[in-house]
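Chemist: How does the following fold in three dimensions:
(chains A and B)
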Amino acid sequence: MKILLIIPAYNEQENIEETIKKIKEFSEEIDYIVINDGSSDNTEKILKANNLNHINLVNNLGIGGAVQTGYKYAHENNYDIAIQFDGDGQHDINCVPKICEPLINGQADMCIGTRYLDKNSSDFQSTFMRRLGANIISIFIKIFTKASITDPTSGFRAVNKKVIEEFTKNYPTEYPEPESTVSLLVNGYKVKEVPVSMNEREGGTSSITIKFWKPVDYMIKVVLAIIIDSISLRRIGGKR
Amino acid sequence: MQTNLKIALIIVVLIYIFFILKAVKRKNMRIGYLIFWSITGVILIIALLIPNLVENIANVLGFGMPINMIFSVAIFIILYLIFNLTILISKEHNKNTMLIQEVSMLKKRVDELEKKEENFNGK
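Modeler: The predicted structure follows:
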């Protein structure tokens, strides 16, 4: 079973080394690829100096385009499972086996690590505004796909081979987390959630926080994207 | 329409056509757009040169004043154009993303191969 961690990094010079050290300490068998999304700080130098496996995007693409590059890399190198993993120390490497389990025993095609399923397992429950936003997005996903996803904006997710191939072809790059979930659901893929713990960011700024400085704008666009995706991405006959 | 105004407008349209020709000469414009812009230029010239043409059309179509018709037509043409440009930008954006991804992945592979070759030559 070949497992790849896709780590999108944008200006993560403070965290990236530490994150990868933790991954290596956890297991030598898990591969990783850092996608440096045109960082303007020393991220590239650090990656090169420490000989860390990475791809330098020649231009900034945003989180969606960066993560898709990771899926393309996973597809080219024939990985069985790809896990999206933040470079800022927010995600807990110890939860990786847990998040892979539903994929390995065939219960799901994508497994999302959620903060909200189990109150005790997560030290970091995030802010009220964020939870409210996640809830609103959840309600719309429920309306349009009939599936319950409690943490649709979670960036900690594992996908199997079928979904890796799907994502190399179509990956929504504007609001990737909720949109990719919807596009999988409407095409008949199984999506499951497992509770994970998340830490407060160790440094730098999150891409989501930047988006959330205009929360209303973000919400309207995500909801619109969900509606459009649930109509337009549905292929006749479902799964191909 | 006053003759002075007419002459001024014709000069403006001529400058406009001059810009189109310049863009064509520098190959800054694709043929599809060239046709669109040339047609608008020709239509403007015809409308200015034939006396009472705009007034008569506006009367037949029921516009109160000719200027209303001109504004309506102009706004619709501009809307159509901007709509097309928005679609074009979105398409180009997707192509651009794909190109950046592929180039970046290729760069990584080239780096790896170069390293391999260095090691091979070193032995």
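
Chemist: Count the neighbours of B:Gly32 for me.
Modeler: Neighbour count of B:Gly32, defined by other Cβ atoms under 10 Å in any protein chain shown: 8. Backbone N, C-alpha and C define where each C-beta goes, glycine included.

Chemist: measure it to chain A for me?
Modeler: Using Cβ to the nearest Cβ, to the nearest Å, B:Gly32 is found at 26 Å from chain A.

Chemist: same thing with B:Ile87?
Modeler: Counting by Cβ to the nearest Cβ, the gap from B:Ile87 to chain A is 15 Å.

Chemist: Point out the residues in chain A that sit beside chain B.
Modeler: A:54-59, A:61, A:65, A:68-69, A:72-73, A:76, A:173 (Cβ under 8 Å from any Cβ of the partner chain).

Chemist: so which of these is the most crowded?
Modeler: Within those, A:Thr69 tops the neighbour count with 28 neighbours, counted by other Cβ under 10 Å.

Chemist: Just the residues of chain A next to chain B: which are in strands?
Modeler: Among the residues of chain A next to chain B, DSSP state E puts A:54-56 in strands.

Chemist: Tell me the one of these nearest B:Thr3?
Modeler: Taking Cβ to Cβ as the measure, B:Thr3 sits nearest to A:Asn56 out of these, at 65.0 Å.

Chemist: Now do the longest helix seen in chain B: which elements does it pack against?
Modeler: The residue-count maximum for a helix in chain B (DSSP state H) belongs to helix B:66-122. Identification of packing neighbours for helix B:66-122 by 3 or more Cβ pairs under 8 Å, 6 or more residues apart in numbering or on different chains; DSSP states H and E yields strand A:54-56, helix A:62-76, helix B:53-61.

Chemist: can you tell me the average pLDDT over it?
Modeler: Across helix B:66-122, pLDDT averages out at 91.

Chemist: Next, the angle from that helix to helix B:53-61.
Modeler: For helix B:66-122 against helix B:53-61, the angle by axes from the mean of the first three to the mean of the last three Cα atoms, to 10 degrees is 110 degrees.

Chemist: Now do helix B:66-122 against helix A:62-76, angle only.
Modeler: Using the same axes, to 10 degrees: helix B:66-122 against helix A:62-76 is 50 degrees.

Chemist: least trustworthy helix or strand in chain A by mean pLDDT?
Modeler: helix A:207-212 (a mean of 51; mean pLDDT, DSSP states H and E).

Chemist: Let me see the mean pLDDT of the following helix or strand past that one.
Modeler: Later in the chain than helix A:207-212, the nearest helix or strand by DSSP states H and E is helix A:215-232. The average pLDDT for helix A:215-232 rounds to 83.

Chemist: Show me what helix A:215-232 is packed against.
Modeler: Helix A:215-232 packs on helix A:128-145, helix A:176-186, going by 3+ Cβ pairs under 8 Å, 6+ apart.

Chemist: what about those helices, which gets the closest to B:Lys27?
Modeler: helix A:176-186 (37.9 Å).

Chemist: Quick one: name whatever helix or strand follows that closest one.
Modeler: For helix A:176-186, the following helix or strand on the C-terminal side (DSSP H and E) is strand A:191-195.

Chemist: secondary structure element for the residue nearest in space to the middle of chain B?
Modeler: Chain B has B:Tyr33 as the residue nearest its centroid, 5.3 Å off, counting by Cα atoms, centre = their mean. Element membership for B:Tyr33 (DSSP H and E) is helix B:31-49.

Chemist: Go through that helix and flag the buried ones.
Modeler: B:36-37, B:40-41, B:44-45, B:48 (16 or more other Cβ atoms under 10 Å in any protein chain shown).

Chemist: mind checking how far stretch A:156-173 is from the chain centre?
Modeler: Its chain's C-alpha centre and that of stretch A:156-173 lie 10 Å apart, by Cα atoms, centre = their mean, to the nearest Å.

Chemist: cool, stretch B:73-93 as well?
Modeler: Worked out by Cα atoms, centre = their mean, stretch B:73-93 lies 9 Å from the chain centre.

Chemist: What of stretch B:56-65?
Modeler: Offset of stretch B:56-65 from its chain centre (Cα atoms, centre = their mean): 29 Å.

Chemist: can you list contacts of it?
Modeler: B:66, B:68-69, B:72 (Cβ atoms under 8 Å, 6 or more residues apart in numbering or on different chains).

Chemist: What of stretch A:39-53?
Modeler: Contacts with stretch A:39-53, where a contact means Cβ under 8 Å, 6+ apart, come from A:9-13, A:16-17, A:20, A:31-34, A:36, A:54, A:56.

Chemist: Could you do stretch A:91-104 as well?
Modeler: Contacts of stretch A:91-104 (Cβ under 8 Å, 6+ apart): A:1, A:3, A:5, A:22-23, A:26-27, A:30, A:81, A:83, A:85, A:108-111, A:113, A:155-160, A:192, A:194, A:196-199.

Chemist: related to what we said a few turns ago, let me know which of the helices and strands packed on helix A:215-232 is the nearest to B:Leu79.
Modeler: The closest of the helices and strands packed on helix A:215-232 to B:Leu79 is helix A:176-186. By Cβ to Cβ, the value is 28.4 Å.

Chemist: How is chain B divided into domains?
Modeler: Listed by automatic domain parsing, the domain ranges of chain B are B:1-51, B:67-123.
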